[in-house]
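**Q** Sharing a model prediction with you, sequence too.
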Amino acid sequence: MTASFAAGHSDPTVQPVPASVVQRVDAADTTLHNPKRAVLSLGSNLGNRLETLQGAVDALEDTPGVRIKAVSPVYETEPWGVAADSQPSYFNAVVVLKTTLPPSSLLERAHAVEEAFNRVRDERWGPRTLDVDIVTYAEVVSDDPVLTLPHPRAHERAFVLVPWHDVEPEAQLPGRGPVAALLDSVTHNGVEARGDLELRLPE
Ligand code: A4P
Ligand code: MG
């Protein structure tokens, strides 16, 4: 440090940081050190299903405040909840992530990712290029219709439970118990592993 600087000014690094800045940094730090675990279900039964699921994985990983921890194998599944053979089969997969986003922002992002792939949807109640559902967010249990947690139908859907169990054998569905036990109570018919296909975790 030069003599003139020392004489004329105090060292800027020792200036007190304004309290408002300290507060903001502390708040950000808390969230960054306290990411929440969330499980998302991806489904596609229109267009290039694998490409769409991979695009969804990439878009989620590209989201600030989201880090994907695991991507499940791909399953080809019969459409659930509609007449047999009325729709093409789905590709389904599950993604486990850590996020500093609150649940509402994660849902917003899920919808934005759906939108990016939903451009060709033209039939009401019809098949969809992409469905992104939040299966769980930490231990949150909520019956809010805008974001019901856990997802109200996850516990009865093998196309969610099977891939989830693949990547998290010890997983618990809040309010419902271990995924491994739930798996015993649902039919696995129409849920086939596509071992020939793979979703990549973005680098
Ligand atoms: N919403 C509430 N809770 C949640 C949540 N946990 N995650 C609200 C995501 N969204 C949630 O969803 C409708 C509204 O639900 C949203 O506005 C959101 O605020 P949507 O995705 O726009 O509509 P949807 O998916 O057509 O309706 P729904 O009733 O949610 O259908 P599901 O339960 O998502 O099921 N069969 C197979 N084999 N594989 C599939 O992936 N998917 C569906 C869709 C049906 N059959 C399937 C599959
Ligand atoms: Mg949905």
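**A** Thanks, I have the structure now. Ligands and ions are numbered 1, 2, ... in the order given.
**Q** how close does whichever residue of the chain sits closest to ligand 1 sit to E78?
**A** Closest residue of the chain to ligand 1, C-beta to the nearest ligand atom: G43 (2.5 Å). Placement of C-beta: from N, CA and C, glycine included. Using C-beta to C-beta, to the nearest Å, G43 is found at 12 Å from E78.
**Q** So which of those two has more stuff around it?
**A** G43 (26 against 18; other C-beta atoms under 10 Å).
**Q** For the more buried one, give me phi and psi.
**A** In terms of degrees, to the nearest 10, the main-chain angles of G43 are phi -140, psi 140.
**Q** Please apply the same query to N48.
**A** phi -80, psi 90.
**Q** can you check V96 too?
**A** Residue torsions, per degrees, to the nearest 10, at V96 are phi -110, psi 130.
**Q** and it, how many residues sit next to it?
**A** Around V96 there are 19 residues (other C-beta under 10 Å).
**Q** Excluding sequence neighbours, find me the nearest residue to it.
**A** A70 (4.3 Å; C-beta to C-beta, 6 or more residues apart in numbering).
**Q** interface residues of the chain facing ligand 1?
**A** Where the chain comes near ligand 1, counting by C-beta under 6 Å from any ligand atom, the residues are 43, 77-81, 90, 92, 131, 133-134, 146-149, 151, 153, 159.
**Q** Just the buried residues of the residues you listed.
**A** 43, 77-80, 90, 92, 131, 133-134, 147, 149, 151, 159 (16 or more other C-beta atoms under 10 Å).
**Q** Greatest separation within those residues: which pair is it?
**A** Greatest spatial distance in those: E78 and L147, 27.1 Å, computed using C-beta to C-beta.
**Q** got the contact list for stretch 77-95?
**A** Residues outside stretch 77-95 that contact it (C-beta atoms under 8 Å, 6 or more residues apart in numbering) are 39-46, 49-50, 53, 57, 60, 68, 70-76, 126-127, 135, 157-160, 163-164, 166-167, 189-192, 194, 197, 199.
**Q** For V140, give its distance to ligand 2.
**A** V140 sits 17 Å away from ligand 2, going by C-beta to the ion, to the nearest Å.
**Q** now P35
**A** Taken as C-beta to the ion, the span from P35 to ligand 2 is 24 Å.
**Q** can you pull the contacts of the spatially closest residue to that residue that is not a sequence neighbour?
**A** Leaving aside its chain neighbours, P35 sits nearest to K98 (4.1 Å; criterion: C-beta to C-beta, 6+ apart). Residues near K98 by C-beta under 8 Å, 6+ apart: P35, K36, R37, A38, V66, R67, K69.
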